[in-house]
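Novice: Generate a structure from the sequence data that follows.
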Amino acid sequence: ACRALVDELEWEISQVDPRKTIQMGSFRINPDGSQSVVEVPYARSEAHLTELLERVCEKMKEYGERADPSTHRKSYVRVISHDGTKMDLSGVKFDGDVTSSLKFACESIAEEYEDELIEFLSHEAENVKDRLCSKRT
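Specialist: Here you go, the predicted structure:
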């Protein structure tokens, strides 16, 4: 569930125009007349990431459960591609129980680890999935 969450967040971030920025900092006027406002890329801004975390778990409806034939280890896989291309759905279990439990797990992780998710994703960190999903959670 954590890996599916991170995949969705990274995909959403990649869809934002890299030229789009947001102003951060204090809008107060300093005694010298200047302001401490900085423009940062919108895609990885705290405002954008917080907004994504509030709605990203809805995407879990687009996932199913696949069990590895040799190890029987279960994993969640997308059953609807982002770009509409046909996907290999052999061995994928797709029903309301799977999607509702995945959505619940996603919401729990997003809520409990919101600060860590924002921290990792605001800086283009390497191996976010491994660092967050294996080491932190």
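Novice: now what about stretch 29-43, what contacts it?
Specialist: 13-14, 16-18, 20-28, 48 (C-beta atoms under 8 Å, 6 or more residues apart in numbering). (Each C-beta comes from the backbone N, C-alpha and C, glycine too.)
Novice: which of the residues you listed count as buried?
Specialist: Buried by 16 or more other C-beta atoms under 10 Å: 13, 48, out of those.
Novice: Do me a favour and get the end-to-end distance for stretch 105-122?
Specialist: 22 Å (C-alpha to C-alpha, to the nearest Å).
Novice: Check the contacts of stretch 29-43 and tell me the two furthest apart.
Specialist: Within the contacts of stretch 29-43, two members stand farthest from each other by C-beta to C-beta: Ser14 and Arg28, at 34.2 Å.
Novice: Which positions in the longest helix along the chain come out as buried?
Specialist: If you go by DSSP state H, the chain has its longest helix at helix 96-112. By neighbour count with 16+ other C-beta under 10 Å, helix 96-112 contains the buried residues 98-99, 102-103, 105-107, 109-110.
Novice: and it, how far out from the chain's middle?
Specialist: On the basis of C-alpha atoms, centre = their mean, to the nearest Å, helix 96-112 sits 13 Å off its chain's mean C-alpha point.
Novice: ranges for the strands of the chain?
Specialist: Remark: strands assigned in the chain by DSSP state E are 21-29, 35-41, 63-67, 74-78, 92-93.
Novice: And the nearest residue to Gly64 once chain neighbours are set aside, what's its pLDDT?
Specialist: In space, and not counting its chain neighbours, Gly64 is closest to Phe94: 3.6 Å by C-beta to C-beta, 6 or more residues apart in numbering. In this prediction, Phe94 carries a pLDDT score of 76.
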